[in-house]
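Undergrad: next one to model:
(2 chains)
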Amino acid sequence: MEMTLTTHQRVRPRRASGWWRLWASAQVRWGVILLAAMTALVVVGPFVAPYDPAAPVGKPYDVPSAVAWLGTDNLGRDVLSRVLSGGVYLAWMAPVSALLSVVIGAAVALVTAYYRGWTDLVLMRSLDVLLAFPGILLTLLCVSVFGPQPILLVGLVVLTLMPGVARVIRGAAIPLLDREYVLWAKAVGTPGPVIILRELLPNVSSPLLVELGLRLSWSVGILSSMSFIGYGIQPPAADWGLMVSENGTGLGTQPFAVLAPILMIILYTIGGGLIAEGAARVMARTEGKA
Amino acid sequence: MTVDSQNDNVTIGVFARLQPLLARLLQGLLTLLAVSLLIFLAARALPGDVANMILGQSATQEQLDSLRVQLGLDQPLWWQYLIWLGGILRGDWGTSLSNGQPVADLLALGVRNSATLSGVALAVMLPLSLLVGVIAAQFRDGFVDKIFLGMSMVANAVPDFVTGTVLVALFATTVLHVLPAVSFIPPGDSPFSYPDALVLPATTVIIPGVMYLARLVRVAVIDVMATEYIQTAELKGLSPSRVLFRHALPNAVAPIIPAASLVAAFTVGGVVVVEYLFAYPGVGSALVDAVTNRDLPVIQANVLVIASAYFIFNLIADSLAQRDEAAGQRQSKA
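TA: Numbering: from 1, shown residues only, chains lettered A, B, ... in the order given. Here you go, the predicted structure:
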């Protein structure tokens, strides 16, 4: 890790804050740019789509032509229009799920790490129970009971991802409690919430961003997988995960109906992956220095 | 570590070592109990009346009532749970509501197929990730290494069904036609009789697993190669391959063993989507079918089996990681 040390250090001011150091990572920047571009595409997409995503424009599984640039799907609908409109659900559900997981997970982790006591024990043990249950099973069970409502799906993804975040952030926060600045703040009588916000939170910024990137990719993964197996967004809505399963049988004749939504999912998840990877490298560098 | 001081040293040692494991096992059993309660309640909360579903629309009220009594649906909920749990423990998993077969038989079939798939995937994954990781470490920061790091980031970010669908497009439908897109295995036949049906589902699981584990191998090898111990071996004039395979690799394997167990857990958790994609007849696709058919006993049994396997691998990963941590602390103290 020492070889990469010099390049970024020289240009940065000496006391760069945690967030600024993260933005200096090219991978983090590219991840953010990619996600911003995808979000823009998803928001603008429905307005520039050439056809109504629910209306047939030709015969099923037609190959690309001047009429339908990416061909048609299993019901003869325009693939391009459906791809442009098919990210709407994912574009709000995935970031909201990821953000809530990280915010709630970090809050639980920092508060329990700082105050300890029996609430800590009870909370962390109940999170262990949640961690012991594969997320897709929980989601499948609950969605089969209550129906595939977007809010419920978001809640389930948060429930699945939050315990992992709490575990990681707690692990990062506990060593900080022995550091001089925290001990000093405690000694001069700084209240607990202030110490958590001003001393602990800024010092877990790198692991927080790693988690945010990772959990964003995983949110997209769980949500699109649920659509794929038929328990997420329901037809006739256009949704990338749903499109992959709808058009699976036509893969031999009209691959674009499957590959176009797949490319969208890949780009979206890579955005989160890049952020996580870049932040992890920043973390490795700063830890190596300490 | 509350050990009775009257005990002799040997028992203290064994007990002290076993105690955290026992505590974890106990905690684990409680977790599984909580999971079973959750499964039971969730399955009961499914919309639709079971008796109605079995007898159809034309059933009379008397027929419905007598079937409810027969199925025990007239009993209080907590009693139904205890009866169900007692049955599970005695090996009586009930009968499928959709085809009347014993759940235990259906489950045995699914478990064998899923275990075969996961087993094959893990058996390929572990040696392959060692190989890939060592190669990446050897070409550290070079072209091969950068390609590997990029590919591993993508493979780990992308959901399983995307990886699987791309494989289907490449090898089964769009580009080449060398492997089946659907894994048809007749009930009762061993998956090993249909090796070509195993290839794509297994590869779908192997790719992200290898890409994750190989990264850890890569870092471990790089760290070990930088130690004085390896430098001494090199200075003694040992050949580079001997240094790598006899001295560095065994030391690099240790840190990835807990991670491998974690990957095993994820493999088990991921069977639902992968099996659905390839219509592979395992516990995952059985679960999706059962949810569609509202087949309560089958849903419960499959979820319980997947959750238990997931839990066991997680437990192994945790205790291995804890043991490594403890060993590390002992070393740093010495």
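Undergrad: contact residues of the stretch 101-250 of chain A facing chain B?
TA: A:125, A:128-129, A:131-137, A:140-142, A:144-145, A:217, A:220-222, A:224-225, A:228-231, A:241, A:244, A:248 (Cβ under 8 Å from any Cβ of the partner chain). Quick note: C-beta positions are derived from backbone N, CA and C, even for glycine.
Undergrad: show me the helices in chain A, by range?
TA: Under the criterion DSSP state H, chain A carries helices at the ranges A:5-11, A:18-23, A:26-48, A:79-85, A:88-115, A:117-131, A:135-146, A:150-173, A:180-187, A:192-195, A:201-203, A:205-228, A:240-246, A:256-289.
Undergrad: residues in contact with residue 75?
TA: Chain wasn't specified; assuming chain A. A:Leu75 makes contacts with A:Pro56, A:Pro60, as judged by Cβ atoms under 8 Å, 6 or more residues apart in numbering or on different chains.
Undergrad: try chain B instead
TA: So B:Gln75 contacts B:Ile83 (Cβ under 8 Å, 6+ apart).
Undergrad: secondary structure class for it?
TA: coil (DSSP: H, G, I helix; E, B strand; the rest coil).
Undergrad: reformat the helices of chain A as a markdown table; add mean neighbour count.
TA: Shown next, in a markdown table, are the helices of chain A (neighbours: other Cβ atoms under 10 Å in any protein chain shown):
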| stretch | mean neighbour count |
| --- | --- |
| helix A:5-11 | 11 |
| helix A:18-23 | 16 |
| helix A:26-48 | 16 |
| helix A:79-85 | 25 |
| helix A:88-115 | 21 |
| helix A:117-131 | 15 |
| helix A:135-146 | 22 |
| helix A:150-173 | 21 |
| helix A:180-187 | 13 |
| helix A:192-195 | 13 |
| helix A:201-203 | 16 |
| helix A:205-228 | 26 |
| helix A:240-246 | 26 |
| helix A:256-289 | 22 |
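Undergrad: in which helix or strand does B:Phe184 reside?
TA: Using DSSP states H and E, B:Phe184 sits in no helix or strand.
Undergrad: and it, how many neighbours does it have?
TA: B:Phe184 has 12 neighbouring residues, counting by other Cβ atoms under 10 Å in any protein chain shown.
Undergrad: distance check, the closest residue to it other than its chain neighbours against chain A.
TA: If the residues on either side of it in the chain are set aside, B:Phe184 comes closest to B:Ala197, at 6.4 Å by Cβ to Cβ, 6 or more residues apart in numbering or on different chains. Distance, B:Ala197 to chain A, by Cβ to the nearest Cβ, to the nearest Å: 17 Å.
Undergrad: pretty sure B:Ala197 is touching B:Asp189, no?
TA: No - under the criterion of Cβ atoms under 8 Å, B:Ala197 makes no contact with B:Asp189, lying 10.1 Å away.
Undergrad: how about stretch B:158-165 as CSV, C-alpha atoms only?
TA: Provided in CSV are the C-alpha atoms of stretch B:158-165 (Å, rounded to 0.1, in the frame of the first residue of the first chain):
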residue,chain,number,x,y,z
VAL,B,158,-23.6,-7.1,-9.8
PRO,B,159,-26.6,-9.3,-8.6
ASP,B,160,-26.4,-13.1,-9.2
PHE,B,161,-29.3,-13.2,-11.7
VAL,B,162,-27.4,-10.6,-13.9
THR,B,163,-24.2,-12.7,-13.9
GLY,B,164,-26.3,-15.8,-14.6
THR,B,165,-28.3,-14.2,-17.5
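Undergrad: how far away from the center of its chain is that stretch?
TA: Stretch B:158-165 has its C-alpha centroid displaced from the chain centroid by 17 Å (Cα atoms, centre = their mean, to the nearest Å).
Undergrad: in contact with the spatially most central residue of chain A, which residues?
TA: The geometric centre of chain A, computed from its C-alpha atoms, lies nearest to A:Leu216 (Cα atoms, centre = their mean), at 0.4 Å. With contacts defined as Cβ under 8 Å, 6+ apart, A:Leu216 is in contact with A:Leu35, A:Ala94, A:Pro95, A:Ala98, A:Gly271, A:Gly272, A:Ile275.
Undergrad: pull the most distant pair out of the residues you listed.
TA: Based on Cβ to Cβ, the longest span within these runs between A:Ala94 and A:Ile275 and measures 13.2 Å.
Undergrad: coming back round to it: higher neighbour count, B:Ala197 and B:Asp189?
TA: Between B:Ala197 and B:Asp189, counted using other Cβ under 10 Å, the more crowded position is B:Ala197 (21 against 13).
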